[in-house]
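> Next come a sequence and a model predicted from it.
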Amino acid sequence: MPAIGFGTWQLTGDTCVDGVSQALKVGYRHIDTASGYQNEAEVGAGIRASGVPRDDIFLTTKVSPDNLADDDFQRSADRSLAQLGVDRVDLLLIHWPSKTIPVSHTIRSLNKALERGATRHIGVSNFTLALLDEAWAATDAPIVTNQCEYHPYLDQDKLLTACREKGMIFTAFSPFARRGVLADPVIGAIAKEHARTPGQVILRWDIQQAAVVPIPKSTRPENIAANFDVFGFELSDEEMGSINALSRTHQLRVANPAAVAPQWDT
Ligand SMILES: NC(=O)c1ccc[n+]([C@@H]2O[C@H](COP(=O)([O-])OP(=O)(O)OC[C@H]3O[C@@H](n4cnc5c(N)ncnc54)[C@H](OP(=O)(O)O)[C@@H]3O)[C@@H](O)[C@H]2O)c1
């Protein structure tokens, strides 16, 4: 999985087509969408407009909680492929755990989608430690990622450790807490020191952690480009430690609380 992905939640119409196309032109090779974002047609159009060959792109989509019964699951995956205009995606995720269907059933549906060639890899999103264990007990194929909220104001050490132990990638969604961490003074001071932006410091903090892959979203060409330009500097251990320490004094979760079935591990 490429080290940084381009998030597309709430990107619609031409903003989505142009955003995806521009992201690919500046170097991103990893695009994150979901059937629930209702923008898969625009994401597909953006990929084609970029001129970047499909095989060079790691494309993720997700099945929504209301489509997790097996027939619905397979239909949702097929609809996603048709909307995106691709033969298969690189990664198919369960977007949120179902409140009613057992994990073992939804994981079997995910495996079925893999076996019939709708996706190259499978994964989950918003899964707790307990749900991850259930998922691994039920799966035939490796679950390559757990995509969860992660930024400097949210301690995810337990989930991160579990993902690393299981050989999984931790995909970090809302890496800026939807802007909620961008004005932090500690991050601002580190940004000034490196002549970088706060967003670049946060993404650098992500990619310097083992197995963490952030997927920032932006509607603006300048931010899309800046968010990918994070490979030319390095944070010191002390700077990493200062950012790690922020979640001891700040707690922020921006993901939709109404959608949360399980008890979080933080
Ligand atoms: N699996 C899940 O349940 C789940 C849930 C939420 C999100 N996600 C995924 O994660 C992606 C990212 O999360 P997110 O969209 O919630 O939030 P985010 O990436 O944390 O923040 C996006 C916000 O940050 C601003 N921004 C981006 N780059 C910036 C920069 N360099 N400087 C200043 N502001 C900047 C954007 O504004 P501008 O447009 O003005 O740049 C936008 O308002 C989503 O798009 C989606 O693909 C997954």
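Sure thing, it's come through.

> Check the gap between the closest residue to the ligand within the chain and Leu24 for me.
When scored by CB to the nearest ligand atom, the chain has Gly7 as its residue closest to the ligand, at 2.4 Å. Glycine gets a C-beta too; all of them are placed from N, C-alpha and C. Separation of Gly7 from Leu24 (CB to CB, to the nearest Å): 14 Å.

> Comparing those two, which shows the higher neighbour count?
More crowded of Gly7 and Leu24, by other CB atoms under 10 Å: Gly7, with 25 against 21.

> Kindly state the beta-bridge partners for that one.
Here Gly7 sits in beta bridges with Asp32, going by DSSP bridges.

> Can you name the residues that contact it?
Residues near Gly7 by CB atoms under 8 Å, 6 or more residues apart in numbering: 32, 173, 215-217.

> Near the ligand, list only the ones from those.
With CB under 6 Å from any ligand atom as the criterion, those include 32, 173, 215-217 near the ligand.

> now, which of those sits nearest Gly117?
Asp32 (21.0 Å; CB to CB).

> how much space between the closest one and Leu11?
Taken as CB to CB, the span from Asp32 to Leu11 is 11 Å.

> Among the contacts of Gly7, pick out the one closest to Asp265, please.
Nearest to Asp265 out of the contacts of Gly7 is Phe173 (CB to CB; 16.0 Å).

> re earlier: mind listing which of the ones next to the ligand among the contacts of Gly7 are in strands?
Within those, residues falling in strands by DSSP state E are 32, 173.

> need the ones next to the ligand among the contacts of Gly7 in TSV with pLDDT, neighbour count and distance to Glu193, can you?
Shown next, in TSV, are those (pLDDT from 0 to 100; neighbours: other CB atoms under 10 Å; distance: CB to CB, whole Å):
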residue	pLDDT	neighbour count	distance to Glu193
Asp32	99	26	30
Phe173	98	21	27
Ile215	98	23	26
Pro216	98	26	21
Lys217	98	22	26
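
> Including distance to Arg75, could the ones next to the ligand among the contacts of Gly7 go into CSV?
Below are those laid out as CSV (distance: CB to CB, whole Å):
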residue, distance to Arg75
Asp32, 22
Phe173, 25
Ile215, 26
Pro216, 31
Lys217, 27
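
> Look up the closest residue to Lys25, ignoring the ones flanking it.
Using CB to CB, 6 or more residues apart in numbering and skipping residues adjacent in sequence, the residue nearest Lys25 is Ser50, 5.7 Å away.
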